[in-house]
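Q: starting from these lines, generate the structure:
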Amino acid sequence: MLIGKNVKLRMIEKEDLTLFNQWRNDLEIKNQAILHPFPVTKELDDNWYNKVANNVQNNEVFFTITDIKEKVIGYTMLKSINWIHRNCYFGIIIGDKENQGKGMGKEALSLLVEYAFATLNLHKITLEVLSNNINAIKLYENNGFKREGILAEHVFINNKYEDVIIMSKFKNK
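A: Coordinates of the predicted model:
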């Protein structure tokens, strides 16, 4: 468990799936997180949980984000971990709308970045963010992520193509 001032990152529990399923079917959240637009059934989430819980390849790490009182507010992950090149992709969902914009994502990001570099000894964390998600871009830049490139018209959301910005953070930079 990773513990911050206002949030905790703990292992995902099967009981978390009800909230995750609500968030994974919220089109606004799905669009901001660049998730596919298809409905996610409870069975799909059960299969996803079983895959995560039984992953022996050690190429993904998922955490449930809770507030300090253990209320589930989101989840975060490092995925596609490459142990040769020591890099991975980062993702985060603050699904609890009451806790969006209150610094919970910032603290969860800081905890996971510290875990990735200090515990897993990863060298680089990469993420993708919509070019119009200004708050997320500011959050990442304020946490040391730098823009590496743009995937022009990369995703189709709300009847138009959107650019995606690739950002990354290195361990010692």
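
Q: gap between stretch 7-16 and the chain center?
A: A distance of 14 Å separates the centroid of the chain from that of stretch 7-16, by CA atoms, centre = their mean, to the nearest Å.

Q: which parts of it are buried?
A: Applying a neighbour-count criterion of 16 or more other CB atoms under 10 Å, the buried positions in stretch 7-16 are 7-9, 12, 16. In this view, the C-beta of every residue, glycine as well, is placed from N, C-alpha and C.

Q: which residues sit against it?
A: Residues from elsewhere that reach stretch 7-16, judged by CB atoms under 8 Å, 6 or more residues apart in numbering: 1-3, 49, 52-53, 62-68, 70, 72-73, 75-76, 104, 107-108, 111-112, 115.

Q: next step: the residues you listed restricted to helices.
A: In this view, the contacts of stretch 7-16 that belong to helices under DSSP state H are 49, 52-53, 104, 107-108, 111-112.

Q: which of those are buried?
A: Neighbour-count burial (16+ other CB under 10 Å) is assigned, among these, to 49, 104, 107-108, 111-112.

Q: Phe117: neighbouring residues, count only.
A: A count of neighbours around Phe117, defined by other CB atoms under 10 Å, yields 18.

Q: repeat that for Gly105.
A: Number of residues near Gly105 (other CB under 10 Å) recorded here: 24.
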